[in-house]
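Trainee: below are the sequence and a predicted model for it; my questions follow.
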Amino acid sequence: MLSKRIIPCLDVRDGRLTKGVKFKGNVDIGDPVDMARFYSDEGADELVFYDITASSEDRGIMLRVVEEVASKTFIPFSVGGGIRNVADMRAVLLAGAEKISVNSAAVRTPEIISQGAAAFGSQCIVVGMDVLKVDTSQSIPSGYEVVIHGGRTPTGLDALAWAGKVQELGAGEICLNSIDADGTKEGYELTLTRLISEAVSIPVIASGGAGKPEHLADALNQGLASAALVASIVHFGEYSIRGIKDILADQGIKVRQVW
């Protein structure tokens with residue numbers, strides 16, 4: 001059995017680490033390079049780095065920050081936000097990232113997934129899905145809709161159907177974020193997480209809602225996720241990566257131990 005991964009999420013705006021609730025009310029909480037190095041030393045399995053306004057502001061990603069983060073860490077590292085084509089992907093990988101995350105661009109031009117997988121391998125391509133719970137309809141039979149541009153723009157895409165499509169196109173992983181749960185610290189959206197995890201054979205990262213280690217255990221066990229993204233609970237010092245892993249291990253969940 002593969003170890004479950006714990007992945008701190010670094011949301012960056014204007015070169016600074018930021019955090020909000022349900023994609024609103026973001027506050028400045030520090031330097032992303034310093035935090036990336038800290039989490040690497042703490043025993044995080046990977047890092048996720050999102051330039052959260054690059055897509056909505058129609059600009060490229062801040063490669064300088066990517067280079068600095070990559071130079072200070074020694075664990076796999078994915079980058080998303082403002083990636084629109086294979087050339088952007090190549091630039092991010094050359095800046096030091098191991099993976100590229102596409103979200104809004106994948107919805108607008110799904111072929112970017114297959115193009116990226118063909119150029120760099122599926123293992124490099126993560127598709128981010130920001131999802132809202134909505135009323136069930138003919139177009140959204142699962143009751144979960146994909147939204148883009150940092151949650152600002154509904155797409156009409158059913159999350160379950162979109163997950164199957166991105167796997168078919170060559171994505172190596174899905175990062176599944178519930179906007180309803182994001183930043184609430186009340187737990188991951190387990191129904192959504194399990195729905196997507198059961199529908200695809202590629203790894204699913206649960207994102208949005210972690211408030212205590214038990215929430216991660218629920219996402220990894222009940223939600224069948226391969227990994228759990230964390231932000232608020234570690235950014236604000238409520239729990240450490242080491243402490244979370246110790247608690248998960250005590251519950252019988254296989255994690256990479258930190259010595």
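Mentor: That came through fine. Numbers count the residues shown, from 1 in each chain.

Trainee: helix, strand or coil: sort out the residue of the chain most remote from its centre for me.
Mentor: Most distant from the centre of the chain: Gln138, at 28.2 Å, with distances by CA atoms, centre = their mean. Three-state assignment for Gln138 (DSSP: H, G, I helix; E, B strand; the rest coil): coil.

Trainee: where does it fall, phi/psi-wise?
Mentor: Torsion angles at Gln138 (phi, psi; degrees, to the nearest 10) stand at phi -60, psi -40.

Trainee: so, low pLDDT: which residues of the stretch 1-150 of the chain?
Mentor: By pLDDT under 70, the low-scoring segments of the stretch 1-150 of the chain are 14-16, 18-29, 52-60, 150.

Trainee: before we move on, what about the stretch 151-259 of the chain?
Mentor: Along the stretch 151-259 of the chain, the model assigns pLDDT under 70 to residues 259.

Trainee: and Val79, bridged to which residues?
Mentor: When bridges are called by DSSP bridges, Val79 pairs up with Phe49, Ile100.

Trainee: show me the contacts for it.
Mentor: Phe49, Tyr50, Asp51, Ile61, Val66, Val92, Ala95, Ala97, Lys99, Ile100, Ser101 (CB atoms under 8 Å, 6 or more residues apart in numbering). Where you see a C-beta, it was placed from the backbone N, CA and C, and this is true even at glycine.

Trainee: surely Ala91 and Arg64 touch.
Mentor: No: look at Ala91 against Arg64 with CB atoms under 8 Å: they stay out of range, at 11.6 Å.

Trainee: mind checking which of the two has more residues around it?
Mentor: The residue with more neighbours, out of Ala91 and Arg64, is Ala91; 18 against 10, by other CB atoms under 10 Å.

Trainee: now do the more buried one against Ala249, distance only.
Mentor: Applying CB to CB, to the nearest Å, the value for Ala91 to Ala249 is 38 Å.

Trainee: contacting residues around the residue most central in space within the chain?
Mentor: By CA atoms, centre = their mean, the chain has its centre lying nearest to Cys175, at 4.3 Å. Cys175 makes contact with Val48, Ser101, Val126, Val127, Gly128, Met129, Ile205, Ser207, Leu229, according to CB under 8 Å, 6+ apart.
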